[in-house]
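Colleague: Any chance you could fold what I've pasted below:
(chains A and B)
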Amino acid sequence: ILNVEQSPQSLHVQEGDSTNFTCSFPSSNFYALHWYRWETAKSPEALFVMTLNGDEKKKGRISATLNTKEGYSYLYIKGSQPEDSATYLCAPQETSGSRLTFGEGTQLTVNP
Amino acid sequence: EPEVTQTPSHQVTQMGQEVILRCVPISNHLYFYWYRQILGQKVEFLVSFYNNEISEKSEIFDDQFSVERPDGSNFTLKIRSTKLEDSAMYFCASRIGASNGYTFGSGTRLTVV
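Modeller: Numbering: from 1, shown residues only, chains lettered A, B, ... in the order given. Next up is the predicted model:
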């Protein structure tokens, strides 16, 4: 079973603040790293799939970076808005077609 | 936008009873999954299904669990004899390719009493 760590566990920020959180995963047997956003009472929604070391992906105010050699990924949110409040999950994938193993997530609350 | 649909949204069952959780994945997706989340815990992998057979399963997915894709559209998870510890939110997911992100269904909350 992969050991996937996300930090912090929870985060409260003010509207307009920029924030970031971390996902750590084993650097061996790496194929891809997935990020999901999970709003309360909804289902997880795919944000990014990252495969290459040094990769950076962006979607609006949200971006992510990947370091496969040391086994971590950062998710950044620029100018947080209340609608960004959600749990952000990361999930590494070891081989093509294999399962995703989810971390516990970072619960972000953005106060207006 | 295409969706993965799950039914029922809630199910309460007596311990020892069989339950069937139903999912309709997105029609052109090829990979299908069941995950669950016990309250307060991580989202856990149960099983993956590709090319009409199980491709991977976890330690949780013992003989009490089975999956089927009987008609090319529905994807079902059966628990033969439910236990209290099977109480969880069960999510179905599908994806078009081996490296794409999942599309999750809205989940079935199973409560075993």
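
Colleague: Of all the residues in stretch B:60-77, which ones are buried?
Modeller: Burial within stretch B:60-77, assessed by neighbour count using 16 or more other CB atoms under 10 Å in any protein chain shown, is assigned to B:60, B:61, B:65, B:67, B:75, B:77. C-beta here means a position set from N, CA and C on the backbone, and glycine is covered the same way.

Colleague: Is stretch B:83-94 positioned near chain A?
Modeller: Yes. Contact between stretch B:83-94 and chain A, assessed by CB under 8 Å from any CB of the partner chain, occurs at residue B:91.

Colleague: got a list of contacts for that stretch?
Modeller: Contacts to stretch B:83-94, defined as CB atoms under 8 Å, 6 or more residues apart in numbering or on different chains, come from residues A:43-44, B:4, B:6, B:15, B:21, B:23, B:25-26, B:29, B:31-39, B:43, B:64, B:75, B:77, B:79, B:102-105, B:107-113.

Colleague: Take those residues and, keeping just the buried ones, write it as a ChimeraX select command.
Modeller: Filtering the contacts of stretch B:83-94 down to the buried ones (16+ other CB under 10 Å) takes a single ChimeraX command:
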select /A:43,44 /B:4,6,21,23,25,26,29,31,32,33,34,35,36,37,43,75,77,79,102,103,104,105,107,108,110,112
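
Colleague: near chain B, which residues of chain A show up?
Modeller: Residues of chain A lying near chain B (CB under 8 Å from any CB): A:31-32, A:34, A:36, A:42-49, A:51, A:89, A:93, A:96-105.

Colleague: again, only this time at 10 Å
Modeller: Contact residues (CB under 10 Å from any CB of the partner chain) of chain A with chain B: A:1, A:4, A:6, A:31-32, A:34-36, A:38, A:41-49, A:51, A:89, A:91, A:93, A:95-105.

Colleague: which residue is nearest the centroid of chain B?
Modeller: Nearest to the centroid of the C-alpha atoms of chain B, with distances taken as CA atoms, centre = their mean, sits residue B:34, at 3.3 Å.

Colleague: My read is that that one contacts residue B:56, right?
Modeller: No. The pair residue B:34 / residue B:56 is not scored as a contact, 11.2 Å apart, by CB atoms under 10 Å.
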